[in-house]
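S.K.: Give me coordinates for this.
(2 chains)
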Amino acid sequence: MLPVRKFKSGTIIFEEGSYGVMMYIVVEGSVQLYVINNKKEVELSVIGQSDFFGEIEMYGNSPRGFSARTLSDTRLVCIKNRMQLEQFFAEYPAFSGKMMRIMGERLATTTASL
Amino acid sequence: MQLFTKPEKNVLKTKLPVIEVATDEVIFKKGAEDRRMFLVLDGSVKIYTQGETKEIEIAIIEQYEFFGEIEMYVDKPRSDNAKAVVDSKLVVIRSPSELERFTLDNPWLSGKMMATMGARQAATNTLLAKKLANASKNTDNTASVDLKTGELHLKPDSNVKKEAEEEREKSK
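M.R.: Below is the predicted model of the structure:
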């Protein structure tokens, strides 16, 4: 079993521009992804239960493209590398298919907005 | 981890069609309405645009890499051409739910496929960040992209938004 960490509402999980390779899966609660643009916070999306974020930096070594903050008391599975992700897939086989489909969807929508 | 759930290495499990293409055979052409995604099982594929006198190579897709995934999600014509570099075998994936099923059935491939997705996402984000930075430099407005819908948001309403919409109209 991978560790599940608890975060109080309003906790910043990571900040835009920082370096980190952790990927997170929301077990309970919700997380807001946002960027600071012209000194204003702009929300990109809200990640809810059984959705995930932070996967891009796990696969590359780019800095975080946005900040992440909990909107309520939240429990997250923290995955620090591909081996742990494989372990998670072994425990929850259905998640790998879902993750692949969603990654494709995110890539397609970002590409389409270029 | 339980040993008996360990996936068999390199055994393809799928009911999806597998097509064979010969060296230099064109798989799709720029402008085509074709929503299939392809996974290279064997061989390699060149993605290219047609220059005035010669082909301009954009990427070479090797074994267990894939291409054509954008058009599977977004209804738009092909932006580039694809052809086989050598005799190749391709798995044809026709919908996001087929991709989901394929990933579940082939855990030995999923890690590699996700890493490819991740790398492409990182590259696309870099391009997008540059575009957003330019958009907000030219005005006092903020720009962002909804990660779920992929829409470009510019707040408040501005000329930039109008321009973006006009650009979108033009490209239709």
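S.K.: Report the buried residues of the helix ranked longest in chain B.
M.R.: Longest helix in chain B, counting residues (DSSP state H): helix B:107-137. Buried residues in helix B:107-137, defined by neighbour count with 16 or more other Cβ atoms under 10 Å in any protein chain shown: B:107, B:109-110, B:113-114, B:116-118, B:120-122, B:124-125, B:128, B:131-132, B:135-136. C-beta coordinates here come from the backbone N, C-alpha and C atoms, glycine included.
S.K.: swap in stretch B:57-70?
M.R.: The neighbour-count criterion (16+ other Cβ under 10 Å) identifies B:61, B:64-70 as the buried residues of stretch B:57-70.
S.K.: Now do the longest helix of chain B: distance to the chain's middle.
M.R.: Chain-centre distance of helix B:107-137: 11 Å, with Cα atoms, centre = their mean, to the nearest Å.
S.K.: residue ranges for the strands of chain B, please.
M.R.: B:18-21, B:26-28, B:37-42, B:45-50, B:55-61, B:66-67, B:81-84, B:88-93, B:142-145, B:152-155 (DSSP state E).
S.K.: Out of those, the one nearest chain A is which?
M.R.: Ranking these by proximity to chain A (Cβ to the nearest Cβ) places strand B:142-145 first, at 4.0 Å.
S.K.: residue boundaries of the helices in chain A?
M.R.: Using DSSP H, the helices found in chain A span residues A:55-59, A:82-91, A:93-112.
S.K.: what about B:Val45, distance to B:Glu71?
M.R.: To B:Glu71, B:Val45 is 15 Å away according to Cβ to Cβ, to the nearest Å.
S.K.: hang on, I meant A:Pro63
M.R.: Shown here: A:Pro63 relative to B:Glu71, a distance of 30 Å by Cβ to Cβ.
S.K.: Poorly predicted segments of the chain, please.
M.R.: Reading this off chain A. Judged by pLDDT under 70, chain A has no weakly predicted residues.
S.K.: sorry, should have said chain B
M.R.: In chain B, residues with pLDDT under 70: B:1-9, B:136-172.
S.K.: Domain boundaries for it, per the record?
M.R.: Split into domains by automatic domain parsing, chain B comes to B:7-123, B:140-172.
S.K.: Just name the most buried of those.
M.R.: Comparing these by mean neighbour count (mean count of other Cβ atoms under 10 Å in any protein chain shown), domain B:7-123 comes out on top with a mean of 17.
S.K.: In chain A, which residue sits furthest out from the middle?
M.R.: A:Asn38 (23.9 Å; Cα atoms, centre = their mean).
S.K.: Now do the phi/psi pair for that residue.
M.R.: phi 50, psi 50 (degrees, to the nearest 10).
S.K.: Span of stretch A:77-93 from start to end?
M.R.: Its start and end residues considered, stretch A:77-93 measures 15 Å (Cα to Cα, to the nearest Å).
S.K.: how about it: buried residues?
M.R.: Buried residues in stretch A:77-93, counted by 16+ other Cβ under 10 Å: A:77, A:79, A:82, A:84-86, A:88-89.
S.K.: So what touches it?
M.R.: Under the criterion Cβ atoms under 8 Å, 6 or more residues apart in numbering or on different chains, residues A:1-5, A:21-25, A:27, A:58-59, A:95-96, B:1-2, B:5, B:104, B:107, B:110-111, B:114-115 lie in contact with stretch A:77-93.
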